[in-house]
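In: need a 3D model of the following:
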Amino acid sequence: MSTDEAHVRQLAAIARILLGIAYADRRFEAVEYDAIREILGTFSDIDALPQPVVDAIHNFDADSFELDTTVAELAVPEDNRVPLLQMILGVADADAVRDPEEKHYFYAVAQAIGASHDEIEALLAE
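Out: Presented below is the predicted three-dimensional model:
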């Protein structure tokens, strides 16, 4: 697998994780979609998302999404835990409401990627 293919797969996995927070409250809003696209564009430093990432966004099914599988596919290194959690909170806050379901999802991701209690609490306090 080339570096470009690996990067596209990584972006698609991040997109699915971000979509998970957007759908956590079962209300996917346009501002959340815009936030996801902006976050992914900023993270990857590109103007247009690769087609496989766009497809991952459009084909996302909240009912069949498996967080643990996606996190394992992403293999988040320790130094990327906080940035990923910041991205998730960016989507959660896009609609100006942080629902209990979104908090639950945030904690599930944090636990799945091995974030420490201190990292989690510091992010939630921001």
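In: what's the mean pLDDT across stretch 36-45?
Out: Averaged over stretch 36-45, pLDDT sits at 85.
In: phi, psi for the residue lying closest to D25 once chain neighbours are set aside please.
Out: Nearest non-adjacent residue to D25, counting by C-beta to C-beta, 6 or more residues apart in numbering: D99, 4.2 Å away. The way it works is simple: take the backbone N, C-alpha and C, and place the C-beta from them, glycine included. Phi and psi for D99, reported as degrees, to the nearest 10, are phi -70, psi 160.
In: from what I can see D99 touches A24, true?
Out: Yes: at 7.0 Å, D99 counts as touching A24 under the criterion of C-beta atoms under 8 Å.
In: so which of the two has more stuff around it?
Out: A24 (22 against 15; other C-beta atoms under 10 Å).
In: and that one, backbone torsions?
Out: Taking degrees, to the nearest 10 as the convention, A24 sits at phi -60, psi -40.
In: any idea how far it lies from S116?
Out: From A24 across to S116, the span is 22 Å (C-beta to C-beta, to the nearest Å).
In: and V76, by the same measure?
Out: For V76, the distance to S116 - C-beta to C-beta - is 13 Å.
In: ditto for L74
Out: Relative to S116, and taking C-beta to C-beta, L74 is found at 18 Å.
In: same question for D25.
Out: Here the distance between D25 and S116 works out to 26 Å (C-beta to C-beta).
In: for this protein, what spans make up the helices?
Out: 3-23, 30-44, 51-58, 67-74, 81-92, 100-112, 117-125 (DSSP state H).
In: would you list these in JSON lines and tack on mean neighbour count?
Out: As requested, these are exported to JSON lines (neighbours: other C-beta atoms under 10 Å):
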{"stretch": "helix 3-23", "mean neighbour count": "19"}
{"stretch": "helix 30-44", "mean neighbour count": "16"}
{"stretch": "helix 51-58", "mean neighbour count": "15"}
{"stretch": "helix 67-74", "mean neighbour count": "15"}
{"stretch": "helix 81-92", "mean neighbour count": "19"}
{"stretch": "helix 100-112", "mean neighbour count": "17"}
{"stretch": "helix 117-125", "mean neighbour count": "12"}
